[in-house]
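Engineer: got a predicted structure plus its sequence, pasted below:
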Amino acid sequence: MVFFIALAVMLFLNATVLTIPLSSNIYAQVSPDNQAYYGVDMRGVHTAVSQVKNSTADALPPNYYEDSFRILRDAGMNHVRYTLYWEAYVADPASFMNELQMVANAADKYGIKVIYDNHQFHTSSYLNPQRGNGFPSSLFEGDPKFPYGAGGSPKYQAAKLWWTDWWNRSIKDVNGVDGWVLLFDFLQKVVNTVDSHPSTLGYEILSEPQVHSSDQWEKIGSFNSLMVNELRKITQKTLAYSMNIPVDLKSPIALNPTNLAKMAPENKTNVVFKISLYGLPKPDSYQGDRLAIFLRTSEITQVPLYVGEWNNVLREASINEEGERVFNINPQQSDISQEEANLIVKTFKDIGAWGMAYWQWRLQPHQVDNYNLVNVTESGTLGTTQYFDILKNAYMNAYGGLNQSTSSLA
């Protein structure tokens, strides 16, 4: 059954006039040991606090990062995409950087390669106090276009206006300082903290930026080019730029490989294109169509694909208050089986993905069950869930265990 599904995926992708062979290892362009990186997305504590809530970070269990990276190493994994939030640094710089040091030290010890991801979700906690995190409040305060709590996801007008100004490079903080300059200053602090560690694989410039009109693709390319050029002055490690949201294939922003290719930086040396996939890439399906588009984009840009987030969820269509069709996750109906995980990972291997990270390793439980890989037992020790076993088996089936070249640091 798996063979025929995989064959159908391959035939579908070939039918989209792709010229990248599914067996080619395009990640070899940037991976000196010619092997893929596979592991998990990891959420921290001090690196993930909300600024406007002035929330206190949960206490880390004893040896949390040591235990986490040891479990991942022992399960045959070699990679972590570590999500961090700019506004968390603004809220508590010392605790933020101390946690980054703990991550880097533990990853060094257990031979786990880390991408440090500048993450945002719903733009900022300033626009979405309930769920948002990312950009600091100083980039919104004082501007009547961006009232507190006005909404940070793509469906809200405040988010549309803010991201439009961001790509026009007209966002400034309360002191009048350019937002792009401030973002680079933050990224530079992260690089200066962890770049010397052998476990540091690289950095993601900005996760899943929002696009609201077709004229923004080239502007994002200019943003990525500037960030790559500046970062190349302080690091030669891998840099990732991210796909956009929303990813509605019929949206008016003209989401297609040609436009996605405009997001690429001018300097593509040791650069990867981060994508997300939250479902089975079956032929004639939303996920299959998306993957075909991303593969074509990779062919145009000659930039390897990095599946920085993957899982399997059920999304249901609905019409929002503005009359737009949106898709929201149904937590009760979402799940992933061993067969599904095997097929997804096998597909990533067949297309030559540079790397992949399963969503997600986090202390806080999530309402979507298959988002939970780890828990803390009553005795305070770190345990794993059934989904971690499914993930471990999927990677082992595809890759046969940890490449020894990545475990020599342990």
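Structural biologist: Received it, and whenever you're ready, just let me know what you need.

Engineer: chain neighbours aside, what residue packs nearest to residue 44?
Structural biologist: residue 99 (5.5 Å; CB to CB, 6 or more residues apart in numbering). Using the backbone N, CA and C atoms, a C-beta is placed for each residue, glycine as well.

Engineer: hmm, who's touching the strand or helix carrying that neighbour?
Structural biologist: Taking DSSP states H and E as the criterion, residue 99 maps to helix 93-110. For helix 93-110, contacts defined as CB atoms under 8 Å, 6 or more residues apart in numbering pick out 44-47, 57, 60, 65-66, 68-70, 72-73, 80, 82, 84, 88-89, 112-114, 116, 189-190, 193-194, 197-200, 409-410.

Engineer: so where's the stretch 1-150 of the chain shaky on pLDDT?
Structural biologist: Residues of the stretch 1-150 of the chain meeting the criterion pLDDT under 70: 1-34, 54-57.

Engineer: go again with 90.
Structural biologist: Applying pLDDT under 90 to the stretch 1-150 of the chain flags the ranges 1-35, 52-62.

Engineer: and the helices in it?
Structural biologist: 2-15, 64-74, 86-91, 93-110 (DSSP state H, counting those that start in this stretch).

Engineer: what helices and strands are in contact with the shortest one?
Structural biologist: What that stands for is helix 86-91. helix 93-110, helix 179-194 (3 or more CB pairs under 8 Å, 6 or more residues apart in numbering; DSSP states H and E).

Engineer: that one: how far from the chain's middle?
Structural biologist: 18 Å (CA atoms, centre = their mean, to the nearest Å).

Engineer: spatially nearest residue to the spatially most central residue of the chain (excluding sequence neighbours)?
Structural biologist: Of all residues in the chain, the one closest to the mean position by CA atoms, centre = their mean is residue 308, 4.4 Å from it. Closest residue in space to residue 308, ignoring its immediate chain neighbours: residue 274 at 4.1 Å, by CB to CB, 6+ apart.

Engineer: and what of residue 237?
Structural biologist: residue 202 is the one closest to residue 237 (CB to CB, 6+ apart), at 4.3 Å.

Engineer: now swap in residue 221 and tell me
Structural biologist: Nearest to residue 221 is residue 262, by CB to CB, 6+ apart, at 4.8 Å.

Engineer: likewise residue 313?
Structural biologist: In space, residue 313 is closest to residue 334, 4.1 Å off (CB to CB, 6+ apart).

Engineer: picking that back up, my guess is the residue nearest to residue 221 meets residue 220, correct?
Structural biologist: Yes - between residue 262 and residue 220 there is a contact at 7.3 Å, judged by CB atoms under 8 Å.

Engineer: more neighbours: those two, which one.
Structural biologist: residue 220 (25 against 17; other CB atoms under 10 Å).

Engineer: what's next to the helix or strand containing the more buried one, contact-wise?
Structural biologist: Using DSSP H and E, residue 220 sits in helix 217-231. With contact meaning CB under 8 Å, 6+ apart, helix 217-231 is reached by 167-169, 180, 183-184, 187-188, 191, 203, 205-206, 209, 211, 239, 241, 244, 254, 259-260, 262-267, 271.
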